[in-house]
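Undergrad: quick one: sequence and predicted model below, then my questions.
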Amino acid sequence: MVSLDRQERLELDLGSWQVSEEFVAAYLEAVGDGSPVCFEHRLAPPLALAARGLGGLLEKLELPPGAIHSVQEIETKQPVPFGAEVTAQAVVGPSRRRGGMELLAVNLSLQDGKGATALESKSTVLVLDRLSEATAISERPAREEKGSTAKAGGHYAQATALPGVTRTVTQAQLDAYAEVSGDRNPLHLDAAFAATTMFGGIIAHGMLTLAFISEMMALKFGRAWLETGGLKVRFKGAARPGDRVETRGNITKEEPVPSGMRLTCSVSAHEPEQGQELITGFATVELKNT
């Protein structure tokens, strides 16, 4: 196991696995996604691939049990069909100290059987010393990448809001997600341990809550999301068992690309009863010319 407290850059080979139909079905069941999109096109959802890769990383990386996800970026390079074999590598940056936080940056890359990059993922993991640091995190929203030539307005940006997804988080769901993803952080599973943390109890995996946003994108864009989907989000709060989570999304920008049109969507997930924002950021998808 590799410790968080280290100052060198580390490259890890996470091995290969088959993206089986059974794995995709188990993942979709765990996140509560009943959409037929993945099985209609027989393509794995981007977040299932990222979750499986991060789970493989956690088998080799020794993180404190109270570590939490802060920022997540995902970019789909190639669609991954059912039955394909993928290979994963990770680059783990040196730990950095900032105030009461320990930060760790992780870059994950998945290659298909032909050696082509299928997905790239960038994660920031935090270990917090004080509850006050959680507030500081929530005050820094995700930003769009600089240098974009996208313009507001246009045919797609005038469209209605994306179809929202509503899910109620359960402990059984957290247990199932831990099993399929490999993320068995006791913060999500062990009530006695979670009660000793700044959260005071069990919270949902950030990637599980993010899966609700991915489902929203798949419902709107179908195969295009599975083939080209990208996310750049910040986790601002945590859902708990019993919480109802709702997603929102709007197409905000569009820009031409060689294959057609690239859309940027503002996306978020929130818990309406307490009015708590859980995730904010952006999603991108490319629609091909027909």
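TA: Good, I have the coordinates.
Undergrad: the stretch 1-150 of the chain: strands as residue ranges?
TA: 2-3, 10-18, 61-62, 68-76, 85-92, 96-98, 101-111, 117-128 (DSSP state E, counting those that start in this stretch).
Undergrad: so where is the stretch 151-290 of the chain shaky, pLDDT-wise?
TA: The stretch 151-290 of the chain contains residues with pLDDT under 70 at 151-160.
Undergrad: show me where it has helices.
TA: Along the stretch 151-290 of the chain, the stretches classed as helices by DSSP state H, counting those that start in this stretch are 154-157, 171-181, 191-194, 206-221, 223-228.
Undergrad: winner for burial among those?
TA: helix 206-221 (a mean of 24; mean count of other CB atoms under 10 Å). Glycine gets a C-beta too; all of them are placed from N, C-alpha and C.
Undergrad: which residue is nearest the centroid of the protein?
TA: Centroid-nearest residue in the chain: Met207, 4.4 Å away (criterion: CA atoms, centre = their mean).
Undergrad: remind me which residues of the stretch 1-150 of the chain are low pLDDT?
TA: Counting by pLDDT under 70, the stretch 1-150 of the chain shows low-confidence ranges at 1-7, 100, 128-150.
Undergrad: go again using 90 as the cut-off
TA: 1-10, 56-69, 93-104, 113-114, 125-150 (pLDDT under 90).
Undergrad: sorry, back to before: can I assume the residue nearest to the centre of the chain is in contact with His69?
TA: Yes. Between Met207 and His69 a contact is recorded at 6.8 Å, counting by CB atoms under 8 Å.
Undergrad: follow-up on the earlier one: among the helices of the stretch 151-290 of the chain, which is nearest Glu246?
TA: Closest to Glu246 of the helices of the stretch 151-290 of the chain, according to CB to CB: helix 206-221, at 8.4 Å.
Undergrad: what's the closest non-adjacent residue to the residue nearest to the centre of the chain?
TA: Nearest residue to Met207, sequence neighbours excluded (CB to CB, 6 or more residues apart in numbering): Ala51, at 5.2 Å.
Undergrad: show me what contacts Arg96?
TA: Arg96 is in contact with 102-104, counting by CB atoms under 8 Å, 6 or more residues apart in numbering.
Undergrad: same thing but at 7 Å, please
TA: The contact partners of Arg96, by CB atoms under 7 Å, 6 or more residues apart in numbering, come to Leu103.
Undergrad: next: Leu287.
TA: By CB under 7 Å, 6+ apart, the residues touching Leu287 are 224, 260-261, 263.
Undergrad: so which of these wins on neighbours?
TA: Leu263 (24 neighbours; other CB atoms under 10 Å).
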